[in-house]
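**Student:** turn this into a model:
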Amino acid sequence: MKIKSILTVVVVLAGMLSFHSCNQPQQTTQNPDPAHNSKLSIDWAGTYTAILPCADCEGIATTIHLNDDETYEITMTYLGKEENNTFAGNGSFSWDESGNIITLESMENGAPHYQVGENQLFQLDLEKNRISGELAEMYILKKKMLNEEEAQLHNIYWKLMELNGKAVPQDGQAMKEAHLKLDLFKMRAYGTGGCNNFFGGFEIPAPGKIKFKPMASTMMACPDMETDKLLFNAFEKTDAYSIADGRLSLLGEGKTLAVFEASEE
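**Tutor:** Model prediction:
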């Protein structure tokens, strides 16, 4: 009887130990995946915007554009200040060893460190720590996304077809093909009037509305400068646009100023 009792106790204890072991969390060693970081697993290239807190102004309207070649452009406008209120810079940026934090090189103003997240940038302090407190959410820059209408404008090669209701000659006599391209992330316009290349900013204050800022251009002299002149004049008068059947029309003063057609470069 004693031997049987001892055996029974041993069996019961063994069962209890087995049950306890099965219900304990398994200790596993997880090797971090070097490819699972922001640099390699997130589509981080693009434009990020926010109005950041400001100690002596209404806020800092900030735009950071990250390029695929690890260069950046940044614009910061100090709202409420009338003079010297805008800072613009550019340069290269570098990733830290984790592949999650970037540092904007050559930054003369503003914070240089940002943690890269899905469609957002978190501004960090000088020690590369996330900013905490009541204003923490205000230090997050959101990635700009294009809606359906904006996508119809963005980065399209618009070949110039008409100016002031008259067809633009397509006989190949111009030095370059007159065209327009609009980058809605950087809000920059590029192109040529047939002789000189041009570039400048623009705004879309409301759907169907567009306003070009003064264009800068090269200073080449060509036998025919009329198309350049009329196109630049059209930009100055434009306040709206329409897109239909693959054509972009710039509108102003109650009439169609210029017509472009989507084309291959």
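**Student:** any idea what the residue lying closest to Ser38 once chain neighbours are set aside is bridged to?
**Tutor:** Leaving aside its sequence neighbours, Ser38 sits nearest to Val116 (CB to CB, 6 or more residues apart in numbering; 4.0 Å). The C-beta positions use only the backbone N, C-alpha and C, and glycine is treated the same way. With DSSP bridges applied, Val116 shows beta-bridge pairing to Leu121.
**Student:** touching, Val116 and Leu104? I think so.
**Tutor:** No: Val116 is not in contact with Leu104 according to CB atoms under 8 Å; the separation is 11.9 Å.
**Student:** against which helices or strands is whatever helix or strand Lys181 lives in packed?
**Tutor:** Using DSSP states H and E, the element containing Lys181 is strand 179-183. The contact analysis (3 or more CB pairs under 8 Å, 6 or more residues apart in numbering; DSSP states H and E) places strand 179-183 against strand 158-163, strand 188-192.
**Student:** how about TSV for these, with distance to Pro112, mean pLDDT and mean neighbour count added?
**Tutor:** Listed next are these as TSV, based on distance: least, CB to CB, whole Å; pLDDT from 0 to 100; neighbours: other CB atoms under 10 Å:
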stretch	distance to Pro112	mean pLDDT	mean neighbour count
strand 158-163	37	96	21
strand 188-192	24	95	20
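**Student:** can you lay out the ones you listed as TSV showing distance to Leu121?
**Tutor:** Shown next, in TSV, are the helices and strands packed on strand 179-183 (distance: least, CB to CB, whole Å):
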stretch	distance to Leu121
strand 158-163	31
strand 188-192	21
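**Student:** and of those, who's closest to Leu135?
**Tutor:** Between Leu135 and these, the tightest spacing by CB to CB is seen for strand 188-192, at 31.2 Å.
**Student:** show me what counts as buried in stretch 215-229.
**Tutor:** Met215, Ser217, Cys222, Thr227, Asp228 (16 or more other CB atoms under 10 Å).
**Student:** and those residues, which two are furthest apart?
**Tutor:** Pairwise over those, using CB to CB, the maximum falls at Met215 and Cys222, 16.8 Å.
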